[in-house]
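1. Just a sequence and a predicted model for now, questions to come.
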Amino acid sequence: MPVLALDRQRIIAEAVALLDTDGLDGVTTRKLAARLGVQSPTLYWHVPNKAALVTAIADAILDQEFAEMAPPPPEQPWQEWLTGLATRLRRALLAHPDGARVVSAAQLSATMAAISELAMSTLVAHGIPLRQARVIVLTVERFTVGHVLEEQAPRPDAEALRSFDMAAFTERHPTAIAAITDYFEPGRTVDDLFHDCLDVVIAGATVKTAAS
């Protein structure tokens, strides 16, 4: 079987595949080199260190969702467009284990910068001052990444559940338990929770821009 030429694109594709099987903690140069059939030092010709590798993975998983980006049509409210952008960002992060961890750990992600540039310039084009546009976009981006970090966090293992007293917890936190039970009525999902929380963020931004 011929040996495939080693290039950066192939390295990153294998790194994403390794992320999908082992999570971010399992993405090591040793494992990646083994998948590629090379020695670890060979990788450094293309990816100089772990930080650069993580950033490249972040760009790769974002590019899968954001290969095409465009400002909204003139008749579309910026709030609706920004909601759609945040929804796409969440979808990109959820498509891979630890996707939110990868993007939050990335350094100088070119794709994340392009998303921010488009979002800020879109808001500015809608008459929002640059400083406010930056704050709104950063808030929406960081809310989205933070929300997915929570969604992708490890769930309690069997040992933790065995020692957890649900009755005592409910007695101490009755309002929190009632709120969770009430919210997740039949048919309501974690997707609804994301959008309801995002609506609060964007509604607050709308009020603030109107008052300025």
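-> Okay, I see it.

2. Distance check, T170 against I128.
-> Distance of T170 to I128, computed by C-beta to C-beta, to the nearest Å: 44 Å. (Each C-beta comes from the backbone N, C-alpha and C, glycine too.)

3. neighbour count winner among these two?
-> I128 (22 against 13; other C-beta atoms under 10 Å).

4. Let me see the contact set for the nearest residue to the more buried one once chain neighbours are set aside.
-> In this structure, I128 finds its nearest non-sequential neighbour in T209, 5.4 Å apart by C-beta to C-beta, 6 or more residues apart in numbering. Neighbour list for T209: I128, Q132, I136 [criterion: C-beta atoms under 8 Å, 6 or more residues apart in numbering].

5. Under the pLDDT cut-off, which ranges of the protein? List them.
-> Flagging of the chain using pLDDT under 70 yields the residue ranges 1-5.

6. Going by residue numbers, what spans are strands in it?
-> Counting by DSSP state E, the chain has no strands at all.

7. Let me see the ranges of the helices in it.
-> 8-22, 29-36, 40-43, 50-65, 78-94, 99-105, 110-125, 130-152, 158-162, 166-172, 174-183, 190-211 (DSSP state H).

8. Highest mean neighbour count out of these?
-> Of all the helices of the chain, helix 99-105 has the most neighbours on average by mean count of other C-beta atoms under 10 Å, namely a mean of 23.

9. so how far is I11 from S104?
-> From S104 over to I11 the distance is 22 Å, taken as C-beta to C-beta.

10. swap in F164?
-> 43 Å.

11. next one: H126
-> Between H126 and I11 the computed distance is 40 Å (C-beta to C-beta).

12. Next up, the contacts around the residue lying closest to V137 once chain neighbours are set aside.
-> Once flanking residues are discounted, V137 sits nearest to A119: 4.4 Å by C-beta to C-beta, 6+ apart. Listed by C-beta under 8 Å, 6+ apart, the contact set of A119 reads L82, L85, A133, V137, V140, E141.

13. Great, nothing more from me.
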